[in-house]
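A.B. asks: What follows is a predicted structure for the sequence shown.
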Amino acid sequence: MDETTKKKKKTAECCGYPISIFFIVVNEFCERFSYYGMRAVLVLYFRYFLLWDDDLATSIYHAFVALCYLTPILGAIIADSWLGKFKTIIYLSIVYAIGQVTMAISTIHDITDANRDGTPDNFTFHIALSMLGLILIALGTGGIKPCVAAFGGDQFQEHQSRQLNTFFSVFYLCINAGSLLSTLITPVLRAQECGIHTQQQCYPLAFGVPAVLMVISLVVFIAGSGMYVKTDPEGNIMWSVCKCIGFAIKNRFRHRSSSYPKREHWMDWANEKYDKLLIAQIKMVLKVLFLYIPLPMFWTLFDQKGSRWTLQATTMSGDFGAFILQPDQMQTVNPILILTLVPIMDRLIFPLIQKCGLNFSPLKRMTVGMLFAAMAFVSAALVQIEIDKTLPNFPSSSESQLKVVNTYSTTLNVTISPNEHLLIESFGSSADYVTFDHQDITVSLNTNPVITKAFSLIKGGRQTLIIPSDPTVMYLKEDVKSKPREGKNAIRFVNGYTADLNITNLDSIEPSATTNYTLVNQGKRDFVLRHGEQWCEFSRKFGFGASYTFLIPSTVFSDDCESITEVEDMKPNSVHMALQIPQYFLITTGEVMFSVTGLQFSYSQAPKNMKSVLQAGWLCTNAVGNIIVLIVAELGKLPKQWAEYLLFASLLVAVSIIFSIMAYFYTYIDPAEIEAQVRKEQGLEPEEMEKETIEMEEKDEDQKNEQGVKQTKI
Ligand SMILES: C[C@H](N)C(=O)N[C@@H](CCCCN)C(=O)O
């Protein structure tokens, strides 16, 4: 049956479900694998391949996510007004797959690495190619998103409403299975080393596998072609809707005098010119769109899992004994919980609530979902308060902090003007940072003769005063003033040895010099120190998010690295990442109530020819939510992170109250029934006509089959 078919054909069924939905859910699984797999490594690609700073990388990432949820409008317009859902999904999936391939190609550093140093020589080329890839991906993923869910819904007959609800749950499970697997796999692929000339982090593989999955997704979708119910696009519906609304407003304005009788609904002012059916359909859509207004706030909180919560995890310990969890891997808790919670809710909780005689309507579920998300942020705030207790006291923007490290041969009395006196052992350090509210200081050492030197500290910075074996050349070294990223550890070495040293993975270090910080992962790390023929190995076990300065004495080779001392500049994270599980549990429960229900609600309340448009409207709430995150991240800088979490939680509670009031006045509709009623009022009996057409066509098909059988018999 082709795209112009106006009625639902009978589809092959298995256990009461149309077989065609198998292709749709597999297609969704592969597509979501592709999308989330690519997204999992995108920020790292920006940061470490294109060498953008944190702010630029985060902004472009959120802008990309927002774009992915804005393009559904375009996809819906194309599907509902022009190509139909089936063709739109095929064409935009091709655009999507091209985008993924372009993105994967843009990550091959060898393309422009003429000098073969492992870094691209022409960043403009890689940036341009990756931006092109991302635009195509956003167009593709966003464009098909409202169509795939609605197209899946189209496969069901009217008597299959129970199966339709289960379909949306299974659909959501597939999204999360795809997301879970890809979020686990692509970071591992990225961590591999590959390259033609020089071995680098394997971004081409990390982006290439999602590209392959997108191609598979397209192939699976095409494979189901013969089985789908394909509804007809009914002309440029969006344009008709806009014209009709425009006319209603204009007409209302023209007849604003009180002498004209009022009409039941402002859209009824379009009655003079437009079909009653179109007006009725627009009323249905507007009612739902109005209800969507408060919804972006839910996504504003929800989408901070990937940003704020991941950053929170970087200040926590991921040591689970049997395994180590990296901060960004904590996000996989969400799809894991979805995979368990959706069946529990569907099979246990919701039927139980129904059995208790409670009417847990979709809009009530969505309100409760919002409250769960708000509770998740309260939980995040409580965790943050615990973390804050363990965080170092970082300097404010007007303060400066100083620590002193002594690699001189004897204990020193250090006086920092005006009245700070520190007694520091040889190869030791001051107990903690000293905070100053001024920048200019004078340091005196009780050497013979006394050494005095003036320094200017960095405002808002943390520094260490290094006193080398020759104290007259004491100097300041800048320290890290925030937790090292991704739960890594920042380490550096002070060379108290009398000659140059080579340390594994670091440049050669001169006597008395201090290396810059190097980031090392959690776990046991080995360093080999070398000078000419002499060497020794130094091992150290690291936790999460600490910072150390290692002091190398002159005796380092004679005692086999044993005498290296460590100064703890920043304590390792001590609050465990497991404390984030309650907030993940709460937000995911909220997601099941809000997002899965919202998906079903948007489909069920939309007239047949505007289902994709309403799905797009639903996804648009997501885009707005992401834009709010961008704005808040830029503007709303609350001094305390826990306060920001509480602010978001309160905002969502306020919004959910507004939403519940709006929901109270919403009456659920059966769009098909309303359409039939309007048709009836207009003297049309399309349902009857459709039934007749179906019966006639079935008779025709039977006859053709019989003839076919007869012909073969002949
Ligand atoms: C993976 C996540 N739990 C999920 O189910 N995502 C859905 C809804 C996305 C809306 C939030 N930005 C998806 O379709 O990817």
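C.D. replies: Looks like it arrived, so ask away.
A.B. asks: For the stretch 451-600 of the chain, which residues are neighbours of the ligand?
C.D. replies: With Cβ under 6 Å from any ligand atom as the criterion, the stretch 451-600 of the chain comes near the ligand at residues 591, 595. Using the backbone N, CA and C atoms, a C-beta is placed for each residue, glycine as well.
A.B. asks: please redo it, this time with the cut-off set to 8 Å
C.D. replies: The interface of the stretch 451-600 of the chain toward the ligand, taken as Cβ under 8 Å from any ligand atom, is made up of 588, 591, 595.
A.B. asks: and Tyr548, that one's in a helix?
C.D. replies: No: assignment of Tyr548 by DSSP: H, G, I helix; E, B strand; the rest coil gives strand, placing it outside any helix.
A.B. asks: residues in contact with it?
C.D. replies: The contact partners of Tyr548, taken as Cβ atoms under 8 Å, 6 or more residues apart in numbering, are 489-492, 540, 566-569.
A.B. asks: Leu301 now?
C.D. replies: Applying Cβ under 8 Å, 6+ apart, the residues contacting Leu301 are 373-374, 376-377, 587, 648-649, 652.
A.B. asks: and those residues, which of them are in helices?
C.D. replies: Among those, the ones falling in helices (DSSP state H) are 373-374, 376-377, 587, 648-649, 652.
A.B. asks: Tell me how far Leu579 lies from the ligand.
C.D. replies: 21 Å (Cβ to the nearest ligand atom, to the nearest Å).
A.B. asks: That residue touches Ile385, doesn't it?
C.D. replies: No: in terms of Cβ atoms under 8 Å, Leu579 does not count as a neighbour of Ile385; the distance is 11.0 Å.
A.B. asks: who has more neighbours, these two?
C.D. replies: Leu579 (18 against 15; other Cβ atoms under 10 Å).
A.B. asks: my guess is the more buried one is in a helix, correct?
C.D. replies: Yes: counting by three-state DSSP, Leu579 is located in a helix.
A.B. asks: give me the number of residues near the residue of the chain found nearest the ligand?
C.D. replies: Of the residues in the chain, the one nearest the ligand is Ser179, at a distance of 3.9 Å by Cβ to the nearest ligand atom. Neighbour count of Ser179, defined by other Cβ under 10 Å: 24.
A.B. asks: Find the nearest non-adjacent residue to it, please.
C.D. replies: Spatially, and ignoring its direct neighbours in sequence, Ser179 is nearest to Tyr36 (4.1 Å; Cβ to Cβ, 6 or more residues apart in numbering).
A.B. asks: again with Ile458
C.D. replies: Ser400 (6.1 Å).
A.B. asks: so how far is Phe29 from the residue of the chain closest to the ligand?
C.D. replies: When Cβ to Cβ, to the nearest Å is the yardstick, Ser179 and Phe29 sit 9 Å from each other.
A.B. asks: Do I have it right that Gln281 meets Lys611?
C.D. replies: No: Gln281 lies out of contact with Lys611 (Cβ under 8 Å); the separation is 11.0 Å.
A.B. asks: Show me which of the two is the more surrounded one.
C.D. replies: Neighbours around Gln281 and Lys611, counted as other Cβ under 10 Å, are more numerous at Lys611. The numbers are 28 against 24.
A.B. asks: residues touching the more buried one, list them.
C.D. replies: Residues in contact with Lys611, defined by Cβ under 8 Å, 6+ apart, are 80, 150, 153-154, 603.
A.B. asks: what do you get for Lys524?
C.D. replies: 539-542 are the contacts of Lys524 under Cβ under 8 Å, 6+ apart.
A.B. asks: Would you format those as a markdown table with pLDDT included?
C.D. replies: Shown next, in a markdown table, are the contacts of Lys524 (pLDDT from 0 to 100):
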| residue | pLDDT |
| --- | --- |
| Ser539 | 92 |
| Arg540 | 93 |
| Lys541 | 93 |
| Phe542 | 94 |
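A.B. asks: so which of the residues you listed would you say is closest to Ile674?
C.D. replies: Nearest to Ile674 among the contacts of Lys524: Phe542, at 64.6 Å, using Cβ to Cβ.
A.B. asks: Who does the closest residue to the closest one other than its chain neighbours form a beta bridge with?
C.D. replies: Spatial nearest neighbour of Phe542, chain neighbours left out: Asn489 (4.5 Å); criterion: Cβ to Cβ, 6+ apart. On the basis of DSSP bridges, Asn489 is bridged to Val520.
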